[in-house]
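Participant: sequence and predicted structure, then a few things I'm wondering about:
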Amino acid sequence: MGRKLFGDISPFTYAIAVKRQIIARQVSDLLRRTNLATTRSMEDLPVAVYRHNSLIRRKLGNVDVALQENKAISLGLAAPHIDGVLIRPGETFSFWKLVGHCSARKGYRTGLTINNNGPASGIAGGMCQFTNLLHWMVLHSPLEIVEHHHHGEIDLFPDFNRQIPFGTGTSIVYNYLDYRVHNPTQNTFQFRISLTEEHLRGELRAAEALGVKYHLKEQDAHFQAVGQDVYRRNKVYRSVRDKRTGNEIANELIVQNNAKVLYDHALINAPIRDEHSDMVPLAG
């Protein structure tokens with residue numbers, strides 16, 4: 001057995017390790033003098049770049065429904081901190097800089113988290129749904145993603161009304177695992193965020209129209225057996241087309257996933273390829 005990391009020795013040492021990480025990020029921001037976006041406007045910028053609605057309550061295996069209700073409350077508390085923020089030329093958007101520490105004292109509830117490669121719970125759990133929404137909208141824009149923590153190594157729950165490709169989400173932990181986006185353009189962008197009873201609603205707006213259009217497409221999505229395990233694999237590409245000519249000017253692979261399925265394989269609603277073939281599915 002390998003030597004334990006300091007943070008794995010006990011809950012006390014874990015808390016120390018987390019605090020150290022938080023302080024390190026604060027010092028790093030001070031030294032780098034990153035120009036973080038903090039200005040907000042409740043007036044919409046004139047151009048709608050992309051809109052997306054994210055279902056708040058989802059069927060997630062045997063997860064306690066109370067965690068989903070708590071998540072809805074936590075999302076509602078965080079949304080006003082992001083709604084209206086302007087990302088001006090040269091500025092960097094930081095999720096945690098705007099939202100701050102999500103504590104029980106501020107009203108945040110216990111929600112679903114991912115811990116040690118499996119589901120767990122913690123204060124403000126489920127907040128990654130917020131950055132998932134932001135990330136999906138940003139992928140349809142020229143904004144540059146400068147910090148994004150991907151958790152595509154595991155597939156925790158069977159699909160339920162999936163709207164976007166598997167593995168395009170984010171992982172965040174205050175404040176050292178952040179979601180950050182830089183604006184390298186001369187255009188100004190704006191996030192508008194709101195909640196309904198069913199959805200977290202997002203809109204990315206801009207001061208000026210874009211000359212290109214972005215499209216994301218999933219390819220080679222499949223499940224494959226590897227011994228007694230099953231892995232979920234896919235690739236997601238982003239195509240960029242000139243609006244004036246319709247010509248494709250870029251096509252890039254943005255993520256490739258190879259995620260171990262952790263739920264009952266009987267719940268996989270798709271063919272499972274044989275371990276030794278990329279083409280022939282297992283008989284089911």
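Facilitator: Looks like it came in fine.
Participant: how about the helices in this structure?
Facilitator: Across the chain, reading from the start of the chain, the helices by DSSP state H fall at 11-32, 65-82, 95-99, 128-138.
Participant: lowest mean pLDDT across the ones you listed, which one is that?
Facilitator: Ranked by mean pLDDT, these end with helix 11-32 in last place, scoring a mean of 82.
Participant: just how off-centre is that one within its chain?
Facilitator: Helix 11-32 sits 22 Å away from the centroid of its parent chain (C-alpha atoms, centre = their mean, to the nearest Å).
Participant: and of the helices of the chain, who's closest to H52?
Facilitator: helix 128-138 (5.6 Å; C-beta to C-beta). From N, CA and C alone the C-beta is placed, and that goes for glycine too.
Participant: pull the distance from the closest one to the chain's centre.
Facilitator: Computed by C-alpha atoms, centre = their mean, the separation of helix 128-138 from the middle of its chain amounts to 5 Å.
Participant: for it, list the C-alpha coordinates in PDB.
Facilitator: Extracted as PDB, the C-alpha positions of helix 128-138 are listed here (Å, rounded to 0.1, in the frame of the first residue of the first chain):
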ATOM      1  CA  CYS A 128     -21.400  21.900 -11.000                       C
ATOM      2  CA  GLN A 129     -24.800  21.900 -12.900                       C
ATOM      3  CA  PHE A 130     -24.300  25.700 -12.900                       C
ATOM      4  CA  THR A 131     -20.900  25.600 -14.500                       C
ATOM      5  CA  ASN A 132     -22.000  22.800 -16.800                       C
ATOM      6  CA  LEU A 133     -24.600  25.300 -18.200                       C
ATOM      7  CA  LEU A 134     -22.100  28.100 -18.500                       C
ATOM      8  CA  HIS A 135     -19.600  25.800 -20.200                       C
ATOM      9  CA  TRP A 136     -22.000  24.600 -22.800                       C
ATOM     10  CA  MET A 137     -22.900  28.100 -23.700                       C
ATOM     11  CA  VAL A 138     -19.300  29.300 -23.800                       C
END
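Participant: I am finished for the moment; much appreciated.
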